[in-house]
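[1] I would like to see how this sequence folds:
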Amino acid sequence: MLNPSIRPRDYQKAIFETAKTKNTLVVLPTGIGKTLIAIMLAIERINKFPTSKILMLAPTKPLVEQHFQSFQKALPELFADLQLFTGEIPAEKRKKIWQTAEIIFSTPQCIANDLNHSLYNLNEVSLLVMDEAHRCLKNYDYTSVVNFYKIQSQNTLILGLTASPGHDSIKVKEICNHLSIENVEIRSRSSDDVKPYLQELDFKKIEVPFPQEFIEIKTLLKTIYDNKINQLKNRNLIFPPINKITLLKTQANLARQASARNFNALAGMSLTAQAIKISHALELLETQTLSGLSLYLENLKQQAEQKKTKGVQTLVNSPEFQATLLSLKQLKEKQIEHPKLEELKVLIENEFTNNPNSKIIVFAQFRETVQRIIETLKSIPGSRPSIFIGQATKSKASQGLSQKDQKRIIQEFREGKINILAATSIGEEGLDIPEVNAVFFYEPIPSEIRKIQRTGRTARLAPGKLFILITKDTRDQAHHYASIAREKKMYKTLDTIRDEMENNKNKEKSLLDFR
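    The predicted model follows:
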């Protein structure tokens, strides 16, 4: 029943055969066809249960719309009534549409809200598809919809789709429990049945030195940081290992303890907040741009002048902080920037020299970095770069792109009007960004989930390149090796969980046979 132009690949057929009869978690790298498995399964379920409905959930509205369009292209025109649910459609209208719709696409928030208000129920839904299933943790709306589905549906079948559920076995098992997963189907770029369909990925690790001029600033900031950490240690409020995660956890714990009488917790909260701010400043210095660091410290200075908190005032008034501002000013006057920026520019110039029609995506952690990258790349002949970031927040209304703007930019990138996207994490997950010739990581990221999603933007239909920029002797190096180790651990964890499921099934079968 698929449109004749669409031909499933062998691994998609194999996964589909499993998913027909068991609740399945499908782990496939970005861009190699998870959605088609969902389409094939939707066809099978509607044929098996002709009066049933299919419900497909995705975490963002653009991703929901993307799936809606994929189903429209893949299915014959009159096969089923496809409907898109959004918060913009009035609740009563959604209730009415639900009665006749056969395949519904929505965010989990929209469906969970409707179910909580008893607008309709899921008794006729014969297939629930959860895209980006790694989000199905804790009390997220995904979990709420799944719980309704398990109780209400007459013919349950669940399909979870993700590029990576993470390396933590406890969290992966939690995802599987929430979705009542009975089987895990895992594929990587190197899987025997996937390799024939993918193109060669040329990976280059690009190392740049940590400039001598930056060492003085790092020393000053580290002095402030160590001072705050030592004060926390002396108060018995923090214990090794000490990093950004433990600082955030300590801050949360102290906030629960803080009261007018608990002076130690109150003082600890202030010290922890100061340490987190300096930790972030060190990260900007080591891995991002000097202009980003300068903006951040100037913002802290403004907060101190406005007397926002005593902690910020203490921080800004320290001799080391003032010396840092002075050093930054001197480097700015000399037009010195982070060496990654110049290296990135040279690498991308080479790409356009070798192929003037190149399409490139550059990933960076922070919006300020992305903006600086755009300014740097504009000077490359033939380059047409564009920023690609998330929506504006209430606190930064001017610094963001609406979903309408995001869709326009992707379309212009597809048409070649734009040939470089400089993106934050918004470009990692799910969105239908056209395949690119090269992907650049401005910095390595320790998350294996995000690394897999970033990498999946290239080397699908044509050979691709992956460049990861690393500043020597900084946290960049640790993050790079952490993501590699976590990715290996993720596949090992998934194999173990799959084997455990298989063993449990065999035990159950043996018990039944024995009886």
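[2] quick one, strands of the stretch 201-350 of the chain?
    All strands of the stretch 201-350 of the chain, identified by DSSP state E, counting those that start in this stretch, fall at 201-208.
[3] which non-adjacent residue is nearest I420?
    P385 (3.9 Å; Cβ to Cβ, 6 or more residues apart in numbering). All C-beta atoms are positioned from the backbone trio N, CA, C, and that covers glycine.
[4] K472 against I206, yeah?
    No: the criterion here is Cβ atoms under 8 Å, and K472 misses it with I206 at 10.8 Å.
[5] who has more neighbours, the two?
    For K472 and I206, the more surrounded residue by other Cβ atoms under 10 Å is I206, and the numbers stand at 15 against 11.
[6] State the number of residues packed around the residue nearest to I420.
    P385 has 21 neighbours, counted by other Cβ under 10 Å.
[7] Touching, it and I374? I think so.
    Yes: if you go by Cβ under 8 Å, P385 and I374 touch, sitting 5.1 Å apart.
[8] what do the two both touch?
    By Cβ atoms under 8 Å, 6 or more residues apart in numbering, P385 and I374 have these common neighbours: A422.
[9] Spell out the residue ranges of the helices in the stretch 1-150 of the chain.
    10-19, 34-48, 61-74, 91-100, 108-116, 141-152 (DSSP state H, counting those that start in this stretch).
[10] In CSV, list the ones you listed along with distance to T289 and mean neighbour count.
    Written out in CSV, the entries for the helices of the stretch 1-150 of the chain read as follows (distance: least, Cβ to Cβ, whole Å; neighbours: other Cβ atoms under 10 Å):
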stretch, distance to T289, mean neighbour count
helix 10-19, 41, 18
helix 34-48, 35, 21
helix 61-74, 28, 18
helix 91-100, 45, 14
helix 108-116, 35, 19
helix 141-152, 36, 19
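[11] Need the ones you listed in JSON lines (columns: distance to I186 and mean pLDDT).
    Shown next, in JSON lines, are the helices of the stretch 1-150 of the chain (distance: least, Cβ to Cβ, whole Å; pLDDT from 0 to 100):
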{"stretch": "helix 10-19", "distance to I186": "10", "mean pLDDT": "96"}
{"stretch": "helix 34-48", "distance to I186": "12", "mean pLDDT": "96"}
{"stretch": "helix 61-74", "distance to I186": "22", "mean pLDDT": "92"}
{"stretch": "helix 91-100", "distance to I186": "34", "mean pLDDT": "94"}
{"stretch": "helix 108-116", "distance to I186": "24", "mean pLDDT": "95"}
{"stretch": "helix 141-152", "distance to I186": "21", "mean pLDDT": "94"}
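[12] closest one to N183 among those?
    Within the helices of the stretch 1-150 of the chain, the stretch nearest N183 is helix 10-19; the backing value is 5.5 Å (Cβ to Cβ).
[13] Kindly report the domain assignment for the chain.
    For the chain, the structural domains run 10-195, 199-209+338-477, 212-333, going by automatic domain parsing.
[14] Find the residue ranges of the stretch 201-350 of the chain scoring beneath the pLDDT cut-off.
    259-260 (pLDDT under 70).
[15] Which stretches in it count as helices?
    212-234, 244-257, 263-287, 290-305, 310-317, 319-333, 339-354.
[16] just checking, T376 touches L341?
    Yes: using Cβ under 8 Å, T376 is in contact with L341, at 5.1 Å.
[17] Neighbour count: these two, which is higher?
    Between T376 and L341, counted using other Cβ under 10 Å, L341 has the larger neighbour count: 22 against 19.
[18] now that one: how far from S70?
    37 Å (Cβ to Cβ, to the nearest Å).
[19] swap in L248?
    38 Å.
[20] again, but for R372
    For R372, the distance to S70 - Cβ to Cβ - is 35 Å.
[21] Then V194?
    20 Å.
[22] can you pull the contacts of the closest residue to Q322 other than its chain neighbours?
    Distances taken as Cβ to Cβ, 6+ apart place V316 nearest to Q322, at 7.8 Å, with adjacent residues excluded. Counting by Cβ under 8 Å, 6+ apart, V316 touches 300-301, 303-304, 322.
[23] One more pass at 6 Å, please.
    300-301, 304 (Cβ atoms under 6 Å, 6 or more residues apart in numbering).
[24] Make sure A265 is actually in contact with A258.
    Yes: assessed by Cβ atoms under 6 Å, A265 is found in contact with A258 at 4.5 Å.
[25] Y442: neighbour count?
    Counted with other Cβ under 10 Å, Y442 comes out at 26.
[26] for R256, that is, sorry about that
    Neighbourhood size, R256 [other Cβ under 10 Å]: 8.
[27] give the contact list for it.
    Per Cβ under 6 Å, 6+ apart, neighbours of R256: none.
[28] where's it relative to E88, distance?
    Taken as Cβ to Cβ, the span from R256 to E88 is 38 Å.
[29] With I54 instead?
    Applying Cβ to Cβ to I54 and E88 gives a distance of 22 Å.
[30] likewise Q72?
    From Q72 over to E88 (counting by Cβ to Cβ), the distance is 19 Å.
[31] and if you look at F321?
    47 Å.
[32] Look at the two and report which has more neighbours.
    It is F321, of F321 and E88, that has more neighbours when counted by other Cβ under 10 Å, with 22 against 8.
[33] how about the host helix or strand of I373: buried residues?
    Element membership for I373 (DSSP states H and E) is helix 367-377. Under the neighbour-count criterion of 16 or more other Cβ atoms under 10 Å, helix 367-377 has 367-374, 376-377 buried.
[34] for the next helix or strand after it, what is the average pLDDT?
    On the C-terminal side of helix 367-377, the closest following helix or strand by DSSP H and E is strand 385-388. Strand 385-388 carries an average pLDDT of 95.
[35] Pull out the buried residues from strand 385-388.
    385-388.
[36] Which residues does that strand contact?
    Counting by Cβ under 6 Å, 6+ apart, 370, 374, 377, 409, 418, 420-423, 427 sit against strand 385-388.
[37] sorry, back to before: most neighbours of all the contacts of V316, which one?
    Comparing these by number of neighbours (other Cβ under 10 Å), L300 comes first, having 21 neighbours.
[38] and it, how far is that from E333?
    Taking Cβ to Cβ, one finds L300 at 21 Å from E333.
[39] burial count for E500?
    Applying other Cβ under 10 Å, we find 13 residues neighbouring E500.
[40] That one sits in which helix or strand?
    Per DSSP H and E, E500 falls inside helix 475-514.
[41] again with I361
    strand 360-363.
[42] what's that strand packed up against?
    If you count contacts as 3 or more Cβ pairs under 6 Å, 6 or more residues apart in numbering; DSSP states H and E, strand 360-363 packs onto strand 420-423, strand 438-441.
[43] which of these is buried the deepest?
    Comparing the helices and strands packed on strand 360-363 by mean neighbour count (mean count of other Cβ atoms under 10 Å), strand 420-423 ranks first with a mean of 26.
[44] List the pairing partners of that strand within its sheet, with orientation.
    According to DSSP bridges, strand 420-423 forms sheet pairs with strand 360-363 (parallel), strand 385-388 (parallel).
[45] neighbours around Y481, how many?
    12.
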